[in-house]
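1. Next come a sequence and a model predicted from it.
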Amino acid sequence: MTTNDLESAQDASTMIGIIGAGNLGQALARTALRAARKVVISNSRGPESLAPVVAALGAGVSAGTVREAAAASIVAIAVPWSSVPTAVSGLQWHGQTVIDATNAWDAELGGRTSSELVADLVPGARLVKAANTLWAEVLGADPHEAGGRRVIFLSGDDAAAKASVVELFDAAGFFVIDVGDLVTGGRMQQQGAPCQVKTSWGLPQSDSEAQRGPARRTGLWEKANCRGTIVRREQ
Ligand SMILES: NC(=O)c1ccc[n+]([C@@H]2O[C@H](COP(=O)([O-])OP(=O)(O)OC[C@H]3O[C@@H](n4cnc5c(N)ncnc54)[C@H](OP(=O)(O)O)[C@@H]3O)[C@@H](O)[C@H]2O)c1
């Protein structure tokens, strides 16, 4: 094996693939870069359409097809809830860790958690729900703030997959809290549940923004914890 082969094998095992290149996909790319990981980011329109995005994110990020992103060892889904089935349709899953960062705002889930439904769509992958409780602008920024670290909640049924996601976010500077399996923890990360209310609701900048935001629809924004929870370690 040549040095180049070895480097590309190492890249493949630490690469982060991202399906969805909008607000959250780009924030996740910045998180991965903070953790010194390489990123392949994708959308429905093909790699050429992502040239400006890749240029803005900088070195370490390349554009790929959805299939190429899904070949990474950790794959994040960052598409609108209604687009998830189409985005993952036909992909091959053979043990990749899949981060479900979506929010199923106001969707009918038939009594299950949204991540249980996503897990059904990626058979053979190991699903971890994470990174859905911070606004993209907060997720993409330096998590070290006010003498502490911003919190990322995660849940999942596979301990090794969760450990790999903990490692990623910890290396990026976040304080990671595991809230359990996809049923119990996943529910705590959903709309209106404790992890969302305490961490993601940005206080609205204006009345018109408040009228538009999902927090307004649920009436929870007055209880918002502006810009997310920060944990400080005792010295
Ligand atoms: N924005 C936030 O602050 C935030 C915070 C936490 C969680 N989330 C969750 O993150 C998800 C994405 O939100 P967003 O704000 O990033 O949305 P967004 O800015 O509208 O971006 C959506 C991205 O998904 C891509 N996409 C749509 N359908 C696709 C498909 N079939 N295959 C591949 N890519 C597809 C779009 O690419 P095309 O242009 O090719 O369609 C676009 O790049 C949502 O589930 C949201 O609830 C968002």
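-> Arrived safely. The model shown is predicted, which means the values in this text are computed figures rather than measured ones.

2. Look at H94 and say how many residues are nearby.
-> 7 (other CB atoms under 10 Å). Yep, even glycine has a C-beta here, placed from its N, CA and C like the rest.

3. which residues touch V118?
-> By CB atoms under 8 Å, 6 or more residues apart in numbering, the contact list for V118 reads I77, V84, V98, D100, T102, L127.

4. Excluding sequence neighbours, find me the nearest residue to the residue in the chain that the ligand sits nearest to.
-> Nearest residue of the chain to the ligand (CB to the nearest ligand atom) works out as G22 at 1.8 Å. Nearest residue to G22 in three dimensions, chain neighbours excluded: A78, at 7.0 Å (CB to CB, 6 or more residues apart in numbering).

5. what's the burial count for D106?
-> 10.

6. L154 in helix, strand or coil?
-> Assigned by DSSP: H, G, I helix; E, B strand; the rest coil, the conformation of L154 is strand.

7. Show the pLDDT at it.
-> For L154, the model assigns a pLDDT of 93.

8. and the nearest residue to it once chain neighbours are set aside, how many neighbours?
-> Distances taken as CB to CB, 6+ apart put A130 closest to L154, at 3.8 Å, once the chain neighbours are dropped. Neighbour count for A130, taken as other CB under 10 Å: 28.

9. Over to the one 5 residues further on?
-> Burial of W135 is recorded as 17 neighbouring residues (other CB under 10 Å).

10. Distance-wise, check the residue nearest to G22 relative to G110.
-> Going from A78 to G110 by CB to CB, to the nearest Å gives 23 Å.

11. And V98, by the same measure?
-> Distance, V98 to G110, using CB to CB: 21 Å.

12. higher neighbour count, these two?
-> V98 (29 against 7).
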